[in-house]
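[1] what follows is a predicted protein model with its sequence.
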Amino acid sequence: MLFIIAWKNIWRNKTRSLVVIISVMLGLWMGAFLLSYIFGMIDQRLKDAIGNEISHLQIHHPKHSDDHDPQYFIPKSRQLIADLEKNDSVKILSGRVLVDGMVASPAKSLGARIIGINVKKEDQLTQFAKNIVEGEFLKDSDKNKIIIGRKLADKLKVKLRNKVVLTFQDHEANIVAGAFRIKGIFKSYNSTLENNNLYVTASDLSNLLDISGEIHEIAILLNEADHVDPFVSQLRADYESLSIEGWKELAPELGLMIESLDQYMIIFLTIILLAISFGIVNTMLMAVLERVREIGMLMAIGMNSIRLFMMIFLETLLLVLVASPIGLLLAHFTISYLGEHGMDLSGIYQEGYASYGFKPIIYPKLETVYYLRIMVLVMITAVLASIYPAISAIRLDPVKAIRKI
């Protein structure tokens, strides 16, 4: 009976009830969409970082991370690579030669990170060749050829087939230099890579460093992402003299973002639900004040405080129950559509996103569990929002309420 009365009561003033329903519906739609946008950005950045940049884990000499000195190469790296390639958990790996130095053109000189790569393995690991927008990717047989980023090329005022000079210290701290012809120009969603990184063959760079055959970094991609932590732990136990880091240590900001997803959800939804709750409280309080004589009459003929409280509570709950599924359904359709087709923000935020390593096309995503969590939080909000109007109703004096004009 109370349920039927509550349902009829909320439609006595259709305009006011519809305003509340629409506001709750839009608030939930926007809240769920914002969460999906954040989750989509973080998920995409993680996939790009692992797939195109840092891989699942990397191996270095323990001292290499401190100053990137060329003398700190991985000892017995060939045997290590051979052993790792036999491991069933490893999908693909690649060894790299690294050095920080200067790149010079007739117009300008700039600092850069020079990366010597195993061409075939690197392309399998990071699909780097697909980023080439001019020229072509390196070949193992290439001598003194280089791949340079578009932004760096513009700063140096060079183009395809021009020469640049690389200068750096070898493993004995001697200054060495080499002239390289630009074979390809790449463009990246990550402006840091495009501004700083240069790619040559590992043999060319190791010869200049006088560390023929040695490497500074082994990047590894596993078959299963969930196996990273146990695999890293096992490698650390087997190779105690090496520095072995998973992607969370290589890119701690990504690990922090992943671990903070639930906090993001709570913060965003709390702000939105607080705004919604004030609207609900205001509406229900107005409904109580408009029906003072009616409520007084109900109390006079025997409706006790608990039943009166429950009636106001059910009116609030029904408003939210009508709005919530519609709002979440709209959010689901919006997120599903944009998750498939993407949100192209290249004309607005491309440069800003690129500076942090994000692509300008975002694919929102929201797992089912988050819809359920949102629904639970909305129900809690409805319960809390109903308390003050319900208490105001049961505090009315029946005699005074009946006489109120």
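    Looks like it arrived, so ask away.
[2] buried stuff in the strand ranked longest in the chain?
    When every strand of the chain is counted residue by residue (DSSP state E), the longest turns out to be strand 90-104. For strand 90-104, the buried set under the neighbour-count rule, 16 or more other C-beta atoms under 10 Å, comprises Val90, Ile92, Leu93, Ser94, Gly95, Arg96, Val97, Leu98, Val99, Gly101, Val103, Ala104. Bear in mind the C-beta positions are built from the backbone N, C-alpha and C, glycine included.
[3] between those, which is nearest Met30?
    For those, the closest approach to Met30 (C-beta to C-beta) belongs to Ile92, at 41.6 Å.
[4] surely Gly27 meets Ala275?
    Yes - counting by C-beta atoms under 8 Å, Gly27 sits close enough to Ala275 to count as a contact (6.7 Å).
[5] more neighbours: which of those two?
    Comparing Gly27 with Ala275 by other C-beta atoms under 10 Å, the one with more neighbours is Gly27, at 23 against 12.
[6] look at the more buried one and report its pLDDT.
    For Gly27, the pLDDT comes out at 85.
[7] tell me what the helix or strand encompassing it is packed against?
    With elements delineated by DSSP states H and E, Gly27 resides in helix 14-52, which encompasses its position. Taking 3 or more C-beta pairs under 8 Å, 6 or more residues apart in numbering; DSSP states H and E as contact, the helices and strands that helix 14-52 lies on are helix 252-259, helix 261-290, helix 305-341, strand 361-362, helix 368-394.
[8] need the residue closest to the centroid of the chain.
    Centrality entry for the chain: nearest residue to the mean C-alpha point is Ile42, 0.6 Å, by C-alpha atoms, centre = their mean.
[9] how close does that residue get to Leu34?
    13 Å (C-beta to C-beta, to the nearest Å).
[10] cool, and Met284?
    With C-beta to C-beta as the criterion, Met284 and Leu34 are 27 Å apart.
[11] neighbour count for these two, which is higher?
    The neighbour comparison of Met284 against Leu34 (other C-beta under 10 Å) goes to Met284, with 26 against 19.
[12] surely the more buried one is in contact with Ile387?
    No - with contact defined as C-beta under 8 Å, Met284 does not reach Ile387; the gap is 9.9 Å.
[13] host element of Val228?
    Per DSSP H and E, the secondary structure element for Val228 is helix 228-238.
[14] buried ones in that helix, by neighbour count?
    Neighbour-count burial for helix 228-238, counted by 16+ other C-beta under 10 Å, picks out Val228, Phe231, Val232, Leu235.
[15] name the helices or strands packed onto the helix or strand that comes right after it?
    Secondary structure here is assigned by DSSP H and E; on that basis, the next helix or strand after helix 228-238 toward the C-terminus is strand 243-246. Using 3+ C-beta pairs under 8 Å, 6+ apart as the contact test, the elements touching strand 243-246 are strand 57-60, helix 228-238.
[16] quick check: mean pLDDT across the helix or strand following strand 243-246?
    On the C-terminal side of strand 243-246, the closest following helix or strand by DSSP H and E is helix 247-250. Helix 247-250 carries an average pLDDT of 87.
[17] mind listing residues that contact helix 247-250?
    Helix 247-250 is touched from outside by Ala49, Ile50, Ile54, Ser55, His56, Leu57, Gln58, Val228, Leu254, Gly255, with contacts defined as C-beta atoms under 8 Å, 6 or more residues apart in numbering.
[18] quick revisit: how about the buried residues of helix 228-238 in TSV, adding pLDDT and distance to Glu194?
    As requested, the buried residues of helix 228-238 are exported to TSV (pLDDT from 0 to 100; distance: C-beta to C-beta, whole Å):
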residue	pLDDT	distance to Glu194
Val228	90	27
Phe231	93	31
Val232	93	29
Leu235	92	31
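[19] need those in TSV with distance to Ile132, can you?
    As requested, these are arranged in TSV below (distance: C-beta to C-beta, whole Å):
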residue	distance to Ile132
Val228	29
Phe231	31
Val232	32
Leu235	33
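[20] among these, which pair sits farthest apart?
    Going by C-beta to C-beta, the two entries of those that are most distant from one another are Val228 and Leu235, at 10.6 Å.
[21] which residues do these two both contact?
    With contacts taken as C-beta under 8 Å, 6+ apart, Val228 and Leu235 have Leu57 as neighbours in common.
[22] can you give me the strands for the stretch 51-200 of the chain?
    Remark: strands of the stretch 51-200 of the chain, listed N- to C-terminal, are 57-60, 90-104, 109-117, 132-135, 145-149, 163-169, 175-186, 197-201; assignment by DSSP state E, counting those that start in this stretch.
[23] hey, which of those strands is tucked in deepest?
    Stretch with highest mean neighbour count among those: strand 145-149 (a mean of 24; mean count of other C-beta atoms under 10 Å).
[24] tilt between it and strand 175-186?
    60 degrees (axes from the mean of the first three to the mean of the last three C-alpha atoms, to 10 degrees).
[25] only alpha carbons, please: show strand 145-149 as CSV.
    Included here for strand 145-149 are C-alpha records, laid out as CSV according to Å, rounded to 0.1, in the frame of the first residue of the first chain:
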residue,chain,number,x,y,z
LYS,A,145,71.9,5.2,-41.7
ILE,A,146,69.6,6.9,-39.1
ILE,A,147,65.9,7.2,-38.3
ILE,A,148,64.9,10.6,-36.8
GLY,A,149,61.7,12.1,-35.4
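[26] adjacent strands (with direction) for that strand?
    Using DSSP bridges, the strands paired with strand 145-149 are strand 175-186 (parallel), strand 197-201 (antiparallel).
[27] show me where pLDDT drops low in the stretch 201-350 of the chain?
    346-350 (pLDDT under 70).
[28] recalculate using a threshold of 80.
    Within the stretch 201-350 of the chain, the ranges that satisfy pLDDT under 80 run 253-266, 268-269, 272, 283-305, 308, 344-350.
[29] Ile38 touches Tyr264, doesn't it?
    Yes - Ile38 is within contact range of Tyr264, at 5.7 Å (criterion: C-beta under 8 Å).
[30] the two: which has the busier surroundings?
    Between Ile38 and Tyr264, counted using other C-beta under 10 Å, Ile38 has the larger neighbour count: 20 against 15.
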